[in-house]
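Q: Return a 3D structure for these sequence lines:
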Amino acid sequence: MKRLKSTLFSCFLLSFIAFSASAQKGFVKSADKAFKSKEYYNAIELYKKASSQNLRKGDKARVIFQIAECYRLTGDVKQEEQWYSKAIKASYDDAVAILYMADAQMMMGNYDDALASYQSYRQKVPSDPRGATGIKSCQLAQQLKSSPTRYVVTNMAQLNTKFEDFSPAYSDRRLDEIVFTSTRPGATGDRMDAGLGQNFSDIFISKLDKNGKFSAPLPLPAPVNTPDNEGSAIFDKTFKTMYFTRCSVVKNKPEKCKIYSADRRGNNWTEPVLLNFQVDSITYGHPAITDDGMTIVFSSDMPGGQGGHDLWMSHFTKKTKSWGTPENLGPEINTPGEEVYPYIHADGSLYYSSDGLPGMGGLDIFHAVKTGNNKWVKPANMGSPINSEGDDFGIIFEGTRDRGYLSSNRPGGRGSDDIYSFYMPPILFVIEGTVYDEDSHLGINGATVRMVGSDGSDVSQKTDAQGHYMFGALGANDRYVKINTSYILSSSAVELKYLSSDERANETTVGKTESETFEHDFQLKKPSPVVELHFPAVLYDLDKATLRPESKDSLNFLVRLLNNNPTIAIELDAHTDQQGDFNHNIKLSQARAQSCVNYLISQGIDSARLTPKGWGFTKLLITTKQVMAQRDKKKRDSLYQINRRTVFKILRWDYAPKGHMMSVNDSLKARMAQSNAKVTGQESDTAAAPPVPEEERQQSAPAKGNNAQAPNKQVPAPTPPANTPPKSNATKPKN
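A: Below is the predicted model of the structure:
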């Protein structure tokens, strides 16, 4: 049976049948004889000749069905589907033709047609679980195909031919040498397998060079390979003992396949030894050995199984140096279908192929996790692309790595059975982005990006000339960003005199099953030494320095900024509008600045980093003339509000804990001492106003009109003495 790789499960009687024209009436009988001897390749031609004769309707339907059977057993799926369809149309009386046609449709990937065929079969034979399993397979196959795993599967073209190439196994400790089964030319002996129409199979060997190229495969020497079928080899942990299957051919008697072992002696092999638990009338094949070498798992049609070929195991006894009575792996692993090609992983889990479980078509590879001593849980389908609509079998792994080889006759191969490599690509994560200057929008060269992970990692990088950063590869074999980890990123460039913000990027790889690149950009502001920096408005009670409760939320902006930039020291400037007494406004503004400083100190900010400064109305943004040009009182009040502000500027970037806080009296004394000095930014009622910030203009500036004066260049003006306040149109303080 091709689906079971019949070159290993059955030996074939070579029967050369000669026919003459007068013997054509015996075509059916001769074809049946060839079929019974498993000479399917020969039987196809005999049945086709018989089908051309004048046969009764029932006999012809049976002959057509037998042709389909031969194609099924030799693995020609396309022909198989066509001839089962013909048998059904010819009214073949066994519903199994519908089942086998559905199987062929599955293996061709025609899942909708297969579903209809399985449903038809289940209606005709409701007691057969294969109908229900087929329906589940059609549904599962489409799901698995639309949601493939991350495995990458590649045809090993340099190993494969148009003949059968399958069942690879590692054959040395370096895992750079493999053996596999092939029916290619060059095999031992020159006979043709009458079941498949190809050479008898041999075990071939090939070695991988430093450039990743396999050497030309060569057959293992005698006594391993013989004119019979050999294949499906596996090595023990030492790579000195090989277990393999041999199907001997005895004239006029199809002998069953058996498992042998042979020891390597340099480039030579000892005479193969038949494992002792086997009996002549039973088929044994596809050995797999556990890591300790004490248990062998294999496929067999021994009685007492679940049906078809089951997986069995035998334990080695050191005392008697023999293998024990085989035990069935049970219904958790085996089904009424076929279970073949087991493989024991280094972690003890079991891999094997089955057509009795819901799958994608033909044989699918399943994985069963080990739960105890020679016990495994219910197997799981390995999905696409490990599995396909064709036969997928003979999987092996490269030690503990999630990579290796498998066999498949899926579409796109070089022959009906080919060897494929597979590997699971690592899930790779990258976090990258650019740190920009907030004003110029250019990348900042030399900014620092810090990444703190939930796994305890804490790393930093400098941006390049374009301001770009990337957390990707960390050396040859490691990554910055790990799976199932969350990260917080921040940026700074204090040494370049940029303010660090409280902006954070939160990224996580928790639950991610695909590689992904996360992108996050940052913006940093570089303040000018002479430019006031604004923050959310600080509100006070009328003519008082007491902070309103909502003002503390505004000052918390400064708390965060100072905490984010621990090396800066600031001057906190309070300004009033031009209403009221000059000295009163100086005192009021200084007291307000001091209130802000006191709050910052209460939040843990070192007082040495804070300098309060009250400016009164010496640095107006909107002149009195501009204010009074507005006839509407609400508009005038909004302009006064622009002048009432609390701002800050950075005094230095290398904070050191020294100095003292400026009191109200200190501020007044300084103003009196400088009564005749010019103060940059001071303006008189007649001076033109400096530019109004755009955000304040949009919120508070009046609409343009004949009474609105456009702001002009700021002109310094002398500061009025403390006892001669400037003129004001207001009669009482409004600050």
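Q: Geometric centre of the chain: which residue is closest?
A: For the chain, the residue sitting closest to the mean C-alpha position, by C-alpha atoms, centre = their mean, is residue 514 at 2.2 Å.
Q: list the contacts for that one?
A: For residue 514, the contacting residues are 150, 427, by C-beta atoms under 8 Å, 6 or more residues apart in numbering. Placement of C-beta: from N, CA and C, glycine included.
Q: helix/strand/coil for it?
A: Following DSSP: H, G, I helix; E, B strand; the rest coil, we place residue 514 in the coil state.
Q: ok so residue 406 is a strand residue?
A: Yes - Residue 406: assigned to a strand according to three-state DSSP.
Q: and it, bridged to which residues?
A: Beta-bridge pairing of residue 406 under DSSP bridges involves residue 420.
Q: What are the boundaries of the strands in the stretch 51-200 of the chain?
A: 152-155, 165-170, 177-182, 192-193, 198-199 (DSSP state E, counting those that start in this stretch).
Q: any chance of these in a markdown table, with mean neighbour count too?
A: Below are those laid out as a markdown table (neighbours: other C-beta atoms under 10 Å):
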| stretch | mean neighbour count |
| --- | --- |
| strand 152-155 | 14 |
| strand 165-170 | 26 |
| strand 177-182 | 26 |
| strand 192-193 | 21 |
| strand 198-199 | 22 |
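Q: out of those strands, nearest to residue 522?
A: Set against residue 522 and scored by C-beta to C-beta, the strands of the stretch 51-200 of the chain come closest in strand 152-155, at 35.8 Å.
Q: hmm, who's touching stretch 118-128?
A: Counting by C-beta under 8 Å, 6+ apart, 95, 98, 99, 102, 130, 131, 132, 134, 135, 137, 138 sit against stretch 118-128.
Q: again, only using 6 Å
A: Applying C-beta atoms under 6 Å, 6 or more residues apart in numbering, the contact partners of stretch 118-128 are 95, 98, 99, 102, 131, 134, 135.
Q: ok, now stretch 375-390?
A: Here stretch 375-390 has contacts from 107, 109, 144-145, 148-149, 151, 153, 332, 350, 359-362, 364-371, 408-410, using C-beta under 6 Å, 6+ apart.
Q: and the strands of the stretch 51-200 of the chain, which one's lowest on average pLDDT?
A: Lowest mean pLDDT within these: strand 192-193, at a mean of 72.
Q: That one packs against which elements?
A: If you count contacts as 3 or more C-beta pairs under 6 Å, 6 or more residues apart in numbering; DSSP states H and E, strand 192-193 packs onto no helix or strand.
Q: can we see that at 10 Å?
A: When contacts are defined as 3 or more C-beta pairs under 10 Å, 6 or more residues apart in numbering; DSSP states H and E, strand 192-193 sits against helix 40-51, strand 198-199.
Q: okay if I get the contacts of stretch 118-128 as a markdown table plus distance to residue 179 and pLDDT?
A: Below are the contacts of stretch 118-128 laid out as a markdown table (distance: C-beta to C-beta, whole Å; pLDDT from 0 to 100):
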| residue | distance to residue 179 | pLDDT |
| --- | --- | --- |
| 95 | 42 | 95 |
| 98 | 40 | 96 |
| 99 | 36 | 95 |
| 102 | 36 | 94 |
| 131 | 40 | 93 |
| 134 | 35 | 93 |
| 135 | 39 | 95 |
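Q: Nearest to residue 628 among those?
A: Comparing the contacts of stretch 118-128 against residue 628 with C-beta to C-beta picks out residue 135 as the nearest, at 89.5 Å.
Q: Can you list phi and psi of the closest residue to residue 458 other than its chain neighbours for me?
A: Counting by C-beta to C-beta, 6 or more residues apart in numbering, residue 452 is the residue found nearest to residue 458 once chain neighbours are left out, at 5.0 Å. Dihedral pair for residue 452: phi -110, psi 130, per degrees, to the nearest 10.
Q: can you pull up the bridge partners for residue 452?
A: In beta-bridge terms (that is, DSSP bridges), residue 452 pairs with residue 458, residue 488.
Q: Any idea how many residues pack against it?
A: Residue 452 has 16 neighbours, counted by other C-beta atoms under 10 Å.
Q: any idea how far it lies from residue 480?
A: From residue 452 over to residue 480 the distance is 12 Å, taken as C-beta to C-beta, to the nearest Å.
Q: What of residue 257?
A: Going from residue 257 to residue 480 by C-beta to C-beta gives 54 Å.
Q: for residue 407, same thing?
A: Per C-beta to C-beta, residue 407 is found 39 Å from residue 480.
Q: Looking only at neighbour counts, state which of these two leads.
A: residue 407 (29 against 19).
Q: residues contacting the more buried one?
A: Applying C-beta atoms under 10 Å, 6 or more residues apart in numbering, we find residue 407 in contact with 5, 164-168, 180-181, 232, 341, 353, 363, 365, 391-396, 413, 417-420.
Q: Next: residue 268.
A: Residue 268 makes contact with 220, 221, 222, 223, 224, 262, according to C-beta under 10 Å, 6+ apart.
Q: Of the residues you listed, which is the nearest to residue 440?
A: Once C-beta to C-beta is applied, the member of the contacts of residue 268 that ends up nearest residue 440 is residue 220, at 72.0 Å.
Q: Identify the residue nearest the closest one in space, chain neighbours excluded?
A: Closest residue to residue 220 apart from its sequence neighbours, by C-beta to C-beta, 6+ apart: residue 203 at 4.9 Å.
Q: just residue 484 next, same as before
A: With C-beta to C-beta, 6+ apart as the criterion, residue 484 has its nearest non-adjacent residue at 5.2 Å, and that residue is residue 510.
Q: OK, contacts around that neighbour?
A: Neighbouring residues of residue 510 by C-beta under 10 Å, 6+ apart: 454, 483, 484, 485, 486.
Q: Ok, which of the strands of the stretch 51-200 of the chain comes nearest residue 501?
A: strand 152-155 (42.5 Å).
Q: For that closest one, name the packing helices and strands.
A: strand 403-408, strand 418-423.
Q: Point out the most buried one among these.
A: When the helices and strands packed on strand 152-155 are scored by mean count of other C-beta atoms under 10 Å, the highest mean neighbour count falls to strand 403-408 (a mean of 24).
Q: just to revisit the earlier point, for residue 214, find the nearest of the helices and strands packed on strand 152-155.
A: Judging those by C-beta to C-beta, what sits closest to residue 214 is strand 418-423, at 9.9 Å.
Q: Using PDB, write down the CA coordinates of the closest one.
A: Written as PDB, here are the backbone C-alpha positions of strand 418-423 (Å, rounded to 0.1, in the frame of the first residue of the first chain):
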ATOM      1  CA  ASP A 418      10.600  13.700  -1.400                       C
ATOM      2  CA  ILE A 419      12.700  14.800   1.600                       C
ATOM      3  CA  TYR A 420      11.900  18.300   3.000                       C
ATOM      4  CA  SER A 421      13.700  20.300   5.600                       C
ATOM      5  CA  PHE A 422      11.800  22.300   8.200                       C
ATOM      6  CA  TYR A 423      12.600  24.800  10.900                       C
END
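Q: Quickly find the element holding residue 296.
A: Assigned by DSSP states H and E, residue 296 belongs to strand 295-300.
Q: Actually, residue 583.
A: Going by DSSP H and E, residue 583 is in helix 582-602.
Q: Report the buried residues of that helix.
A: 582-583, 585-597, 599-600 (16 or more other C-beta atoms under 10 Å).
Q: in this protein, what secondary structure element scores lowest on mean pLDDT?
A: Lowest mean confidence among the helices and strands of the chain (mean pLDDT, DSSP states H and E): helix 694-700, at a mean of 35.
Q: what are the pairing partners of the strand holding residue 296, and which direction each?
A: Applying DSSP bridges, one finds strand 295-300 paired with strand 284-289 (antiparallel), strand 310-317 (antiparallel).
Q: Quick check: end-to-end length of stretch 477-484?
A: 18 Å (C-alpha to C-alpha, to the nearest Å).
Q: In that stretch, which of the residues would be classed as buried?
A: Buried residues in stretch 477-484 (16+ other C-beta under 10 Å): 479, 480, 481, 482.
Q: Over to stretch 636-647?
A: By neighbour count on 16+ other C-beta under 10 Å, the buried set for stretch 636-647 is 636, 638, 639, 640, 641, 642, 643, 644, 645, 646, 647.
Q: Brilliant, that's me finished.
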